[in-house]
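In: Prediction below, plus the sequence it came from.
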Amino acid sequence: MLSVSPREERADALVSRREYVRVEGLGKSFGPHRALDDINFAVRSGEVVAIIGPSGSGKSTLLRCLNQLETQSEGSVTLAGITIDAAKPATRQQLTELRRSAGMVFQSFNLFPHMSVLRNVSLPQERVLGRSRKEADERSRALLSRVGLEAKADQYPNRCSGGQQQRIAIARALALDPKIMLFDEPTSALDPELGLEVLAVMQELAEAGMTMIVVTHEMHFAETVSDRIIIMADGRIIEEGPSAEVMRRPTTERAQRFLNAVK
Ligand code: ADP
Ligand code: MG
């Protein structure tokens, strides 16, 4: 009898899900510099995709094009049903809606230092979603508890470790009820131990079914938590597939070289 691993079961279950992200023919130039070239991929609801690759390969630019912090030079991005095409300028409403659908977590946490942890998580909900203070605070406390930081609610961010601050930044992003979470090297500014507590929160989020795209240097996380890995080099996708396969049997020499250098 064939035994099916939980991973394979998860992969099977994901096949039938609908697409949340589709990127077609995406290109981005900074002057003469080609940062992204003909990028194509899709992400289904509930899927966790890790993007890895050498520094300067275009990973951050790709994430920034996904939520339109950066405008692409060519091609289109569809995120949670909203399509932005380079050929047609996006309306303000489209941009607002698209950005609201995508929660973003950066390497630097960017918390407001003069506001309590609770306020950091509540204020964007009031500003962006029009929630009342009471409603926003309730939601914030629930999310702080989810990332293990309910005890920190009334303190200031500078009383929190880097790992705690990043978990607060994750709670803040989740508080806006995003359809997808985009992470850009969320642990690379942290000591390994503090990085682990952030990765644990991300793993919990993945297991709870959040759709996630994670740019990371954490190969163990990429291999064990993500469903698929995309490897980038020189602005292109050079390898893409189920995580275990990509890690064990990369098909291109360039991908092999990268993995040998980082594993
Ligand atoms: P990664 O995140 O993989 O390290 P980036 O997406 O940050 O790579 O950068 C890809 C390339 O685009 C790099 O060569 C970088 O110098 C260039 N680049 C990124 N942002 C800009 C910008 N705003 N202006 C000019 N060049 C940029
Ligand atoms: Mg980057």
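Out: Thanks, I have it. Ligands and ions are numbered 1, 2, ... in the order given.
In: So what's the residue count around the nearest residue to residue 233 once chain neighbours are set aside?
Out: Of all residues not flanking residue 233 in the chain, residue 57 sits nearest, at 5.0 Å (CB to CB, 6 or more residues apart in numbering). Yep, even glycine has a C-beta here, placed from its N, CA and C like the rest. Using other CB atoms under 10 Å, residue 57 has 22 neighbouring residues.
In: How about the one 4 residues further on?
Out: Around residue 61 there are 21 other residues, counting by other CB under 10 Å.
In: ok, for it, nearest residue in space, not its chain neighbours?
Out: Leaving aside its chain neighbours, residue 61 sits nearest to residue 35 (4.6 Å; criterion: CB to CB, 6+ apart).
In: can you tell me how far the one you found sits from ligand 1?
Out: Per CB to the nearest ligand atom, to the nearest Å, residue 35 is found 3 Å from ligand 1.
In: wait, what's in contact with the residue nearest to residue 233?
Out: Applying CB atoms under 8 Å, 6 or more residues apart in numbering to residue 57 gives the contacts 232-235.
In: any idea which of those residues has the most stuff around it?
Out: residue 232 (25 neighbours).
In: and this structure, which residues reach ligand 1?
Out: Residues of the chain found near ligand 1, taking CB under 6 Å from any ligand atom as the criterion, are 30, 33, 35, 53, 55-61.
In: Select the longest helix from the protein.
Out: helix 192-207 (DSSP state H).
In: As PDB, could you dump the C-alpha coordinates of that helix?
Out: Extracted as PDB, the C-alpha positions of helix 192-207 are listed here (Å, rounded to 0.1, in the frame of the first residue of the first chain):
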ATOM      1  CA  PRO A 192      19.900  33.100  15.300                       C
ATOM      2  CA  GLU A 193      18.100  32.300  18.600                       C
ATOM      3  CA  LEU A 194      15.800  35.300  18.200                       C
ATOM      4  CA  GLY A 195      15.300  34.400  14.500                       C
ATOM      5  CA  LEU A 196      14.100  31.000  15.600                       C
ATOM      6  CA  GLU A 197      11.200  32.400  17.600                       C
ATOM      7  CA  VAL A 198      10.100  34.500  14.600                       C
ATOM      8  CA  LEU A 199      10.400  31.400  12.300                       C
ATOM      9  CA  ALA A 200       8.200  29.500  14.800                       C
ATOM     10  CA  VAL A 201       5.500  32.100  14.500                       C
ATOM     11  CA  MET A 202       5.700  32.000  10.700                       C
ATOM     12  CA  GLN A 203       5.500  28.200  10.800                       C
ATOM     13  CA  GLU A 204       2.400  28.400  13.000                       C
ATOM     14  CA  LEU A 205       0.900  30.900  10.500                       C
ATOM     15  CA  ALA A 206       1.700  28.600   7.600                       C
ATOM     16  CA  GLU A 207       0.100  25.600   9.300                       C
END
